[in-house]
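Novice: This is a predicted model, with the sequence first.
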Amino acid sequence: MSVPGIPVEVQTGFLLETRAERDMLAQAPAEMRPFLEAQMKMAMEMKICDLLTRLFKSDHEQAMTVIKNTGG
């Protein structure tokens with residue numbers, strides 16, 4: 001997944017699997033691995049979506065504060 005405008009470092013941080021996730025995948029039965037990988041990818045996408053939502057909300061609140069302070 002590549003989201004334009006998000007620094008590569010942030011994307012990489014979300015894409016890296018933790019040691020616990022790698023261990024869990026290694027120990028999982030072969031038929032469960034695709035499901036677990038899909039679940040981890042979904043969790044990563046939800047984290048990115050949450051990050052974007054919080055960033056946009058913060059930007060909106062800052063802009064509204066400026067507008068209110070200028071009497072708009």
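Specialist: Good, I have the coordinates. All values derive from a computational prediction rather than experimental measurement. Numbering: from 1, shown residues only.

Novice: What is the neighbour count of Ala28?
Specialist: 14 (other Cβ atoms under 10 Å). All C-beta atoms are positioned from the backbone trio N, CA, C, and that covers glycine.

Novice: Surely it is in contact with Leu36?
Specialist: Yes: counting by Cβ atoms under 8 Å, Leu36 is a contact partner of Ala28 at 5.6 Å.

Novice: which residue ends up closest to the midpoint of the protein in space?
Specialist: The residue lying closest to the centre of the chain (Cα atoms, centre = their mean) is Ile48, at 1.9 Å.

Novice: confidence score at that residue?
Specialist: We have a pLDDT of 85 for Ile48.

Novice: next one: Met64
Specialist: Met64 is assigned a pLDDT of 94 by the prediction.

Novice: Okay, it and Arg54: tell me how far apart.
Specialist: Met64 sits 16 Å away from Arg54, going by Cβ to Cβ, to the nearest Å.

Novice: cool, and Thr18?
Specialist: The spacing between Thr18 and Arg54, counted by Cβ to Cβ, is 22 Å.

Novice: before we move on, what about Ala43?
Specialist: For Ala43 relative to Arg54 (Cβ to Cβ), the value is 17 Å.

Novice: For the strand or helix carrying the residue nearest to the centre of the chain, buried residues please.
Specialist: Element membership for Ile48 (DSSP states H and E) is helix 33-69. Buried residues in helix 33-69, counted by 16 or more other Cβ atoms under 10 Å: Met44, Ile48.

Novice: packing partners for it?
Specialist: If you count contacts as 3 or more Cβ pairs under 8 Å, 6 or more residues apart in numbering; DSSP states H and E, helix 33-69 packs onto helix 8-15, helix 19-27.

Novice: CA atoms only for stretch 24-36, dumped as PDB, please.
Specialist: What follows is stretch 24-36, C-alpha atoms only, in PDB (Å, rounded to 0.1, in the frame of the first residue of the first chain):
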ATOM      1  CA  MET A  24       3.100 -16.200  15.100                       C
ATOM      2  CA  LEU A  25       3.200 -16.600  11.300                       C
ATOM      3  CA  ALA A  26       6.100 -19.100  11.500                       C
ATOM      4  CA  GLN A  27       4.300 -21.200  14.100                       C
ATOM      5  CA  ALA A  28       0.900 -21.100  12.400                       C
ATOM      6  CA  PRO A  29      -0.300 -24.000  10.300                       C
ATOM      7  CA  ALA A  30       0.200 -23.400   6.500                       C
ATOM      8  CA  GLU A  31      -3.500 -23.100   5.800                       C
ATOM      9  CA  MET A  32      -3.800 -20.300   8.400                       C
ATOM     10  CA  ARG A  33      -1.000 -18.100   7.100                       C
ATOM     11  CA  PRO A  34      -2.800 -16.400   4.300                       C
ATOM     12  CA  PHE A  35      -5.700 -15.500   6.700                       C
ATOM     13  CA  LEU A  36      -3.200 -14.200   9.400                       C
END
